[in-house]
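> Build the 3D model from these lines:
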Amino acid sequence: MNQDILRSYGSVVAELGHLLQEGVIFNAEEVAALDNLTTHATRIINDLDAPKPSNNRPLEISLSEWQEIMQVPEVHDGWGLNNDESPEQVAEMIYGVKFHYITDGPGYAGDLYILQGGALGEPPLMLTRTKGKLLVVFPE
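This next block holds a predicted model:
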């Protein structure tokens, strides 16, 4: 997909958001889908505008990414989160880093998140994005 297509996609999603603000009535499922599309379109467009670092250099996890990471059951339950923590608080509690990862052969290319708790005896938790959703990578 090129940048023009993604920007057009983002414009359509933004227009739908304006319709919501103007009082156009959507059902709950449509609202949830719109919110999801808006989040992903914004992330895609921001990623296009961001400078591209080398793939093997660690990147800081943004607060919006921490918000998404907090919703992953293995993170939420594993770190004993309740629904009161902010992304800032979770970012202070968990060691985390992001990579733009590309496997050496056929396979995964995309965001790789590595999370580590305060105990080095525990293995880190790794997350990748599949079909727009963060999933835990389990060792084989």
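> In stretch 24-37, which of the residues would be classed as buried?
34, 37 (16 or more other Cβ atoms under 10 Å). Every C-beta, even on glycine, is put in place using the N, C-alpha and C of the backbone.
> Now do that stretch, average pLDDT.
For stretch 24-37, mean pLDDT rounds to 76.
> For residue 43, give its distance to residue 18.
Distance of residue 43 to residue 18, given as Cβ to Cβ, to the nearest Å: 20 Å.
> Specify which residue of these two has the higher count of neighbours.
Remark: of residue 43 and residue 18, residue 43 carries more neighbours, 17 against 9, as counted by other Cβ atoms under 10 Å.
> Run through the residues that contact the more buried one.
Applying Cβ atoms under 8 Å, 6 or more residues apart in numbering, we find residue 43 in contact with residue 64.
> And the next helix or strand past the helix or strand hosting it?
Secondary structure from DSSP states H and E places residue 43 in helix 28-49. Sequence-wise, the next helix or strand downstream of helix 28-49 (DSSP H and E) is helix 63-70.
> Which positions in the next helix or strand after that next one come out as buried?
Sequence-wise, the next helix or strand downstream of helix 63-70 (DSSP H and E) is helix 73-78. Using 16+ other Cβ under 10 Å as the test for burial, helix 73-78 gives 75-76.
> what residues does whatever helix or strand comes next after helix 73-78 touch?
Using DSSP H and E, the helix or strand that directly follows helix 73-78 along the chain is helix 87-93. With Cβ under 8 Å, 6+ apart as the test, helix 87-93 has contacts from 61, 63-64, 66-67, 69-70, 79, 81, 85.
> likewise stretch 111-118?
Identification of contacts with stretch 111-118 by Cβ under 8 Å, 6+ apart yields 61, 65, 69, 75, 78-79, 94-101, 122, 124-129, 134.
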